[in-house]
Structures are given as C-alpha cells and as structure tokens.
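# Sequence isn't available, so here's the structure alone:
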C-alpha cells in the first residue's frame with residue numbers, strides 16, 4: 001500500500017475515533033467462532049423494578065426507599081444539632097458527592113422568620129453557609145429595610161435561613177424532583193425544630209417543595225400555608241439581580257411580612 005493511501009486510511013480511522021492501538025496484531029472479527037456459551041437471558045422487566053442491575057447483568061436486591069430513609073433519620077433528630085448530623089450522615093443523595101460543604105443554616109434559630117431558599121451556589125458551597133454571595137448580600141439588604149438581621153440575637157429582629165437542598169447542584173443546575181423529595185423530610189423536621197412564626201419561600205423550588213406548586217410570579221404577594229405555618233412566597237434575590245424591575249414587588253412583599261409580624265405580636 002502506498003504511503004499516502006496508508007496515511008489517508010489512518011486519518012479516516014482517527015476521525016472515526018480509533019486513535020489508540022490496544023493490541024500487537026489486528027483481530028479479524030469475521031474469523032471468530034460463534035460464542036461457545038448460550039446467551040445470558042435477563043429476568044423479565046417486572047422482576048427488575050426497584051432493583052439495581054450492574055454492568056454484568058447481576059440483579060441486586062431492592063434497596064431501601066431513600067425518601068423513607070430520610071424520613072426516619074429526620075424524625076429521629078431531637079434538636080437542630082442532631083438534624084445537622086443526620087444530614088451529614090445521609091448518603092442517598094448524589095449531590096453530596098460533588099459538594100465541598102454541607103450548607104445547613106445561618107442566623108438565629110429562635111427567629112420568628114424562617115427563610116427557605118433553593119440550593120447553595122458556589123460561594124455558599126465554599127463557606128458552608130446559605131446566602132453569602134451577591135444574592136445573599138441583597139437578601140440582607142432587603143430584610144434590613146424592615147428591621148430584620150440574620151446576626152441579631154433578638155428573636156424579634158432576627159431571621160433564620162436555610163435551603164431546600166443542603167448541597168450545591170453541579171453547575172448550579174435546578175434541583176430535580178427526586179432530590180427535593182429526598183430532602184423534604186429534613187426540611188419538614190427543620191421547620192418543626194425551629195418553630196418559626198412565618199416562613200418565607202424564596203423562589204420556585206422552595207415553593208415546589210413547601211407548597212407543591214411553581215410559578216413564583218403568580219404565587220408571590222399572597223399568603224399560603226405549609227407545614228402548619230403561614231408561608232409567604234417571594235422572588236429569589238438572584239432573580240432580582242437579573243430582573244431589577246421586580247424589586248417593586250419584592251418591596252411590597254416585605255411590607256406584607258412586616259405587617260404580619262406586627263399583627264401577630
């Protein structure tokens with residue numbers, strides 16, 4: 001074979017993805033005898049439901065329901081410190097494997113107002129605290145405008161902050177319904193232990209988890225109820241950074257929150 005023809009064939013194989021030789025001599029697949037052993041048959045699909053199948057086709061026993069496991073671990077936590085330990089020990093959510101830190105909560109647990117956000121971002125993942133990036137700075141400014149501060153030791157003036165998800169999703173993608181379902185028992189127990197007067201649901205994913213509904217532009221501005229608490233849906237600060245004209249609605253929601261807190265004293 002001429003040199004230029006051989007080079008052309010080699011370039012063609014590289015374009016197809018064959019860029020590495022793994023044998024000393026080529027193998028002619030057409031000369032191989034038929035398989036000596038009968039083909040392995042897989043169990044019917046009904047037998048595989050709820051079971052794990054490895055690369056060799058071996059079927060593993062059904063694993064425990066990750067949501068039921070989360071529910072049991074969360075219910076067993078007698079206080080917030082134990083709940084944090086339970087989240088740390090929970091290994092069924094793949095987000096944990098790619099995150100740097102668990103982002104549990106920040107602020108005063110005795111606060112009358114509990115803010116539930118969506119999921120940590122890069123800054124939150126690095127520091128292990130919710131709402132510490134640009135969106136967090138805006139959140140602090142928003143609540144300072146009605147006299148609330150996450151650093152206040154006074155429960156009347158404090159806020160307590162957490163997220164639906166304690167681990168950062170890769171590339172800040174949206175949480176999946178499965179991830180929210182796994183984390184919801186921990187969020188529920190978090191609310192029970194903190195026992196706030198009101199909950200602020202920041203963004204669509206917080207509303208999905210707490211209220212079972214999305215569409216923050218329709219939900220905001222109206223009180224709802226979840227987990228036995230009044231819930232006020234609000235725009236997420238990250239959305240307000242992208243959409244400054246929506247700050248007018250956010251200010252109206254903050255005034256609604258301030259009026260509710262005054263009425264409940």
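Nice, thanks for sending it over. Note that the coordinates shown come from a computational prediction; the quantities given were computed from them, not determined experimentally.
# going forward, measure contacts between C-alpha atoms and count neighbours the same way
Fine.
# Poorly predicted segments of the stretch 51-200 of the chain, please.
51-63 (pLDDT under 70).
# and with 80 instead?
Low-confidence segments of the stretch 51-200 of the chain (pLDDT under 80): 51-64.
# Endpoint to endpoint, stretch 164-172 covers what distance?
For stretch 164-172, the first-to-last residue distance is 14 Å (CA to CA, to the nearest Å).
# Show me the contact partners of that stretch.
95-96, 98-99, 101-104, 116-122, 125, 175, 179-180, 183-184, 187, 205-206, 209 (CA atoms under 8 Å, 6 or more residues apart in numbering).
# Show the buried residues in the residues you listed.
With neighbours counted using 16 or more other CA atoms under 10 Å, the contacts of stretch 164-172 contain these buried positions: 95-96, 99, 101-104, 116-122, 125, 175, 179-180, 183-184, 187, 205-206, 209.
# Tell me how many other residues crowd residue 151.
Burial of residue 151, expressed as a neighbour count using other CA atoms under 10 Å, amounts to 14.
# ok, back up a step: mind checking which of the buried ones among the contacts of stretch 164-172 land in helices?
95-96, 122, 125, 179-180, 183-184, 187, 205-206, 209 (DSSP state H).
# just curious, which of those residues is nearest to residue 254?
residue 206 (17.2 Å; CA to CA).
# I'd say the closest one and residue 116 touch.
Yes. With contacts counted by CA atoms under 8 Å, residue 206 reaches residue 116, the gap being 6.3 Å.
# Name the residues of the host helix or strand of residue 135 that are buried.
Assigned by DSSP states H and E, residue 135 belongs to helix 134-144. Using 16+ other CA under 10 Å as the test for burial, helix 134-144 gives 135-136, 138-140, 142-143.
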